[in-house]
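S.K.: The following block contains a protein sequence and its predicted model.
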Amino acid sequence: MLERTVNTDIVVVGGGLAGVCAAIAAARLGRSVALINNRPVLGGNSSSEVRVWVCGATAHGMQRFARESGVIGELYVENQYRNPSGNPIHWDEVVLDAVRAEPNIQLFLNTDVRRVDAEARDGERVVTAVHGWTMGSEINTEFIAPYVIDATGDGLVGFLAGAEHRLGREGRDEFGEDWAPETPDDEFLGSTLLFYTKDVGQPIEFVAPDSAKDISTTPIAESRIIRSGDSGAHYWWIEWGGELDIVHDNERIRDELRSVIFGIWDYIKNSGRFDAATLDLEWVGALPGKREYRRFLGDHVLTQNDILDQVDFPDAVAFGGWSIDLHPVEGMYATASGAHQRYSDGIYGIPFRSYYSRNVANLLLAGRDISATHVAFGSSRVMATCGAGGEAAGTGAALALELGVRPRELATTHSNQLQQVLLRQDASLFGVRNLDEADLARNANVTASSSLRQVDPYALGCDEGEWLPLDLDLGVLVPVDPRLDAVEVYVRAENPGSFTASLWSTGRRQNAVPVTELDRVSVLMESAGEQWLRLPLTWSPTQPENLVVVLHAHDGVAVRRVAASIPGVLALTHRTEDDGDENVAVDGDQRLVQWPAHILRGNGLRVRLDPPTDAYAPARAVGGYQRPYGGPNIWASTPMNDGEPEWLRLDWAEPQTIRSVRLVFDDDVDVELNTLHHHRTPHRVFPQLVRDYRIEALVDGAWKTVADIAGNRRRHRIHTLDGPVETSSLRVVVTSTNGDPLARVVSVRAYA
C-alpha cells in the first residue's frame, strides 16, 4: 500500500456536476484544486453509470430565458455539438475533457473518502485534512487544503467534519411552508434505477429472473404510465426508499428497484398488452441514483417561500427554476401521482449563505446538500442548478483565499465583489449589473453599424407561417425601453367589429408571464380582411421592463405566425390544463402553466412597437446585465446582408492600454438543452451565435486586427492579446453568424 500527501488550495470531494463545476471555476481563477470522486467516471447521477438526464432552471422548457451559463452551460453546449444522439457514454467524455483541460486540477477517480480530520483552531472549527483510499491502486492519500468543498451529494465530508445538518422533512410551522408536513419526520425522496431498451429486429423472448417482482400485485400497473417504447429517464418514477435510510439501506433499495425493473420488463414482454416482440433490455442500472439525504445548515436556509416569492438576495450567486418537485414517500408503490410540482413565476436566486457550513469555517457546500429545507430542496436538487451552485462555491473559495476572509465574511461584506467575479466568468447570475472597475469598456462611448428597433419577426426576411385563430387569449412578451405608446398587431378578420387587448407587467424583471394588468383597450376593426390594428396601450416604466400584451380571444380573428424569433420576445399561449407528464400532478392555477411558452417557442407574431425600442441599442452590450432581465440586454444588428459585416465599436476620450478582451455572444438561453436530448433542438450549434469575427484596434489611424476567429460555436470567448495594444478605439466586427440573420453581442469587456 502506498501513502502520499497532496497539498492544494482547494479540495473538492465529489465528482458529480456540482463538484466538477466547483473545481473548474476555482481552477480558472488560478487556484490549485484536488478533485476527488469515488466512481470511475465523472458526472454523478448524469454519468453513464446512472443515466439521469441533466435538468435545471429551464424545467423542461416551462421556464423562460432560464438555461444556465457558466461552466454547466459550457458543458450543455459542448454536449449538444459532440453528442447529438444523447449517448451517456459520450457525455462522460465531455465532462472528463472539461476537467482535464484545466491544468490547475489534479483528478483522483475511484478514490473514496472515509476519514476527515477537523479540529477547533483559533476559535473556529476547521477541516484540516481529508483522507481518500484509491480502490484498485491501493493508495491512501492525505489531502490538505485551506478550503474543502463537500459535493458528495450525501454530505459525507460535512458529516465527518461535524457540520450541522438536517435529515428528513421540517415541520410546517418552522419556516411557514404550506407544502411541508404538519410535523417533522424522517422521510425522504427515494432513489431510482433506470433501464434502456433496444429493438433487435427479430423476436426475442424474455425469461424473468427469480428476483423479478410481479407488478400486477402492486399499484404500479394501474397508477403509473407504462409504454413499451419508453426507456431511460422516462422511468424516473421507479423510485423507492423514502421511508428508509437512503444511505444505510442503499443495498436493500437497489435490490428492490432492480426487482421492479425486471418485473416491469416481464409485464411489457409477456403480458400481451404491448407491442414488444422485438424489444430487448440493453442496460439496467446497478447504482441507485439518490435524490436526497443530508442537507447542511448555512447562514441562510433556502425555503419554499424564498422560491415562490422569488426573494431578491443581496448575495445571490446562482439561480434555480425547476419546480418544487416533491414525490410520495412510498415512491413507485404510491397510488398518488409520482410527483407534485409547483413553479415560481420565473427563475429565483440562491444566496451564497446557503453554500457554506455555519459551524465549520472552511467548509463550502455544492450540490444537493446545500442549506435548504426539504421543500425548497425539491427544486434546488436538480443537476444543472447544482452545477451553477458548484461554480458559485468554487468561485467563493477562490475569492476567500485571495481576500484572506472566511465564506461568512465573503457573504456579508464582499458579496458584491463575489458577484462581479461570477459575472465576469459568465456564471449563472441574473439581475446583477457589470460594475467591474477594471473593465475599460464601461467608460467607452459605444456605437454600432446598425441596431434592431422593431420586434416584427417578418422583418428578418423569414416567410410568414400559418394564421393562428384567437380561439383563446394569446400573449406576446415584449421589451419596453424606454416607453410604450401603442402596439400594432397584424390580424385577419372575417368581419368588422371590436378587438380587445390588455397590457400586463410580469411581477419580476426576470419573469415572462402576465401578473398585473396595467392597461386595457378595445379598438374597432372597420373592415374585414388582413390589417394592422393599432392598440393604444401605454406604459412608461422607470427602467426597462418585460411586458406582456394579451390579445383576447375573438371569433373570426386570427394573428400571423412567423417561424423566427426576436431576442427577448416570446409568444405565449393560454390554457387552463397541463399537458405534461401523466405521472406528474401540476396545479393548474400557476401562471407558468397557464401561459406556456414552449408551444410556440422559436416562432414570433407580427407585432410592432410605437415608439421603436432601444432594447437592442449598442450600449446594452457594455456595463449591463448578461442575461435577459427587464429586456434582452443585448446588442442586435438589423438583418445582415451577404458580405456586409456588422460591427460594435468602443471609443475612449484618451488612449487605453488593452491586453485582453472578453466577449459574450448570444446562444439563446431560452432554448432548453438536455444531456440525453429528451427534448431536442435541431441545431448542434446555436444559429444565434456569432461564427466568424475579428477584433480590431485603431492604431496610428488604421484598423489593426488583434484577434481573428473563424467557426466559433461558444458563448464566452476570452482573448488575451499577443501584447499590449495602445488605442482609443476598439471594435468587434461580425462577418457571419451560425445561421441567424442578426449579429448579436451580449457583452464586451476590455482589460489592461
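M.R.: Done, it's in.

S.K.: how is the chain carved up into domains?
M.R.: Here the domain parsing of the chain from automatic domain parsing is 2-168+303-327+344-424, 191-284, 440-450+618-751, 457-610.

S.K.: just for this protein, where's the confidence low?
M.R.: 576-580 (pLDDT under 70).

S.K.: tell me the most buried of the domains of the chain?
M.R.: Most buried of the domains of the chain by mean neighbour count (mean count of other CB atoms under 10 Å) is domain 2-168+303-327+344-424; its value is a mean of 23. Glycine gets a C-beta too; all of them are placed from N, C-alpha and C.

S.K.: Would you mind measuring the gap between the ends of that domain?
M.R.: 42 Å (CA to CA, to the nearest Å).

S.K.: and the closest residue to residue 3 other than its chain neighbours, which of the three is it?
M.R.: Ranked by CB to CB, 6 or more residues apart in numbering and with sequence neighbours excluded, the top spatial neighbour of residue 3 is residue 140, at 5.3 Å. Three-state assignment for residue 140 (DSSP: H, G, I helix; E, B strand; the rest coil): strand.

S.K.: from memory residue 140 sits against residue 108, does it?
M.R.: No: Residue 140 is beyond contact range of residue 108, at 11.7 Å (criterion: CB atoms under 8 Å).

S.K.: now the strands for the stretch 251-400 of the chain?
M.R.: Along the stretch 251-400 of the chain, counting by DSSP state E, counting those that start in this stretch, strands occupy 279-284, 295-296, 316-320, 324-326, 339-342, 348-351, 363-365.

S.K.: for the chain, what spans make up the helices?
M.R.: 17-28, 70-82, 88-100, 156-161, 172-175, 220-223, 250-270, 304-308, 374-380, 383-403, 407-413, 415-424, 591-594 (DSSP state H).

S.K.: of those helices, which approaches residue 699 most closely?
M.R.: helix 415-424 (26.3 Å; CB to CB).

S.K.: Helix 17-28 and that closest one, what's the angle between them?
M.R.: Angle, helix 415-424 to helix 17-28, by axes from the mean of the first three to the mean of the last three CA atoms, to 10 degrees: 90 degrees.

S.K.: what's helix 415-424 in contact with?
M.R.: 29, 70, 314-317, 352, 391-392, 395-396, 399, 403, 410-411, 429, 432, 434-436, 439, 626, 662, 749 (CB atoms under 8 Å, 6 or more residues apart in numbering).

S.K.: what angle do it and helix 70-82 make?
M.R.: Using the same axes, to 10 degrees: helix 415-424 against helix 70-82 is 10 degrees.

S.K.: how far does helix 415-424 sit from the chain's center?
M.R.: How far helix 415-424 lies from its chain's middle: 19 Å, per CA atoms, centre = their mean, to the nearest Å.

S.K.: Same question for stretch 104-123.
M.R.: On CA atoms, centre = their mean, the centre of stretch 104-123 falls 29 Å from that of its chain.

S.K.: and what of stretch 15-25?
M.R.: Distance, centroid of stretch 15-25 to centroid of chain: 15 Å (CA atoms, centre = their mean).

S.K.: ends of stretch 545-560, how far apart?
M.R.: Stretch 545-560: ends 25 Å apart by CA to CA.

S.K.: from here on, count from 531
M.R.: OK, 531 is where the count begins now, so the last one is stretch 1075-1090.

S.K.: any idea how far the nearest residue to residue 977 once chain neighbours are set aside is from residue 994?
M.R.: Of all residues not flanking residue 977 in the chain, residue 1179 sits nearest, at 5.0 Å (CB to CB, 6+ apart). Distance, residue 1179 to residue 994, using CB to CB, to the nearest Å: 34 Å.

S.K.: Kindly report the same for residue 1092.
M.R.: 5 Å.

S.K.: Name the residues contacting each of these two.
M.R.: 988, 1136.

S.K.: Ok, which of the domains of the chain comes nearest residue 820?
M.R.: domain 721-814 (4.9 Å).

S.K.: where does that closest one sit relative to the chain's centre, distance-wise?
M.R.: That offset, for domain 721-814, works out to 30 Å (CA atoms, centre = their mean).

S.K.: again with stretch 696-710
M.R.: The answer for stretch 696-710 is 26 Å, by CA atoms, centre = their mean.

S.K.: Now do the buried residues in it.
M.R.: Within stretch 696-710, the residues that count as buried by 16 or more other CB atoms under 10 Å are 696-697, 699-700, 702, 705, 707, 709-710.

S.K.: Just give me the closest of those to residue 574.
M.R.: residue 697 (20.2 Å).

S.K.: these two touch, right, that closest one and residue 823?
M.R.: Yes: assessed by CB under 8 Å, residue 697 is found in contact with residue 823 at 7.1 Å.

S.K.: shared neighbours of the two, which are they?
M.R.: residue 718.

S.K.: residues touching residue 833, list them.
M.R.: So residue 833 contacts 705-707, 902-903, 905-906 (CB under 8 Å, 6+ apart).

S.K.: Those into TSV, with extra columns for distance to residue 1241?
M.R.: Shown next, in TSV, are those (distance: CB to CB, whole Å):
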residue	distance to residue 1241
705	50
706	53
707	50
902	42
903	47
905	46
906	42
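
S.K.: tell me which of these is nearest to residue 532?
M.R.: Closest to residue 532, out of all of these and judged by CB to CB, is residue 902, at 39.4 Å.

S.K.: Next one: the spatially closest residue to the closest one that is not a sequence neighbour from residue 1259, what distance?
M.R.: Of all residues not flanking residue 902 in the chain, residue 832 sits nearest, at 3.9 Å (CB to CB, 6+ apart). Counting by CB to CB, the separation of residue 832 from residue 1259 is 46 Å.

S.K.: Just read off the phi/psi values of the nearest residue to residue 1205 once chain neighbours are set aside.
M.R.: With CB to CB, 6+ apart as the criterion, residue 1205 has its nearest non-adjacent residue at 4.3 Å, and that residue is residue 584. When read as degrees, to the nearest 10, the backbone of residue 584 gives phi -80, psi 110.

S.K.: Report whether the expected contact of residue 584 with residue 914 is present.
M.R.: Yes: the criterion here is CB under 8 Å, and residue 584 meets it with residue 914 at 5.4 Å.

S.K.: shared neighbours of those two, anything?
M.R.: By CB under 8 Å, 6+ apart, the residues touching both residue 584 and residue 914 are 547, 606.
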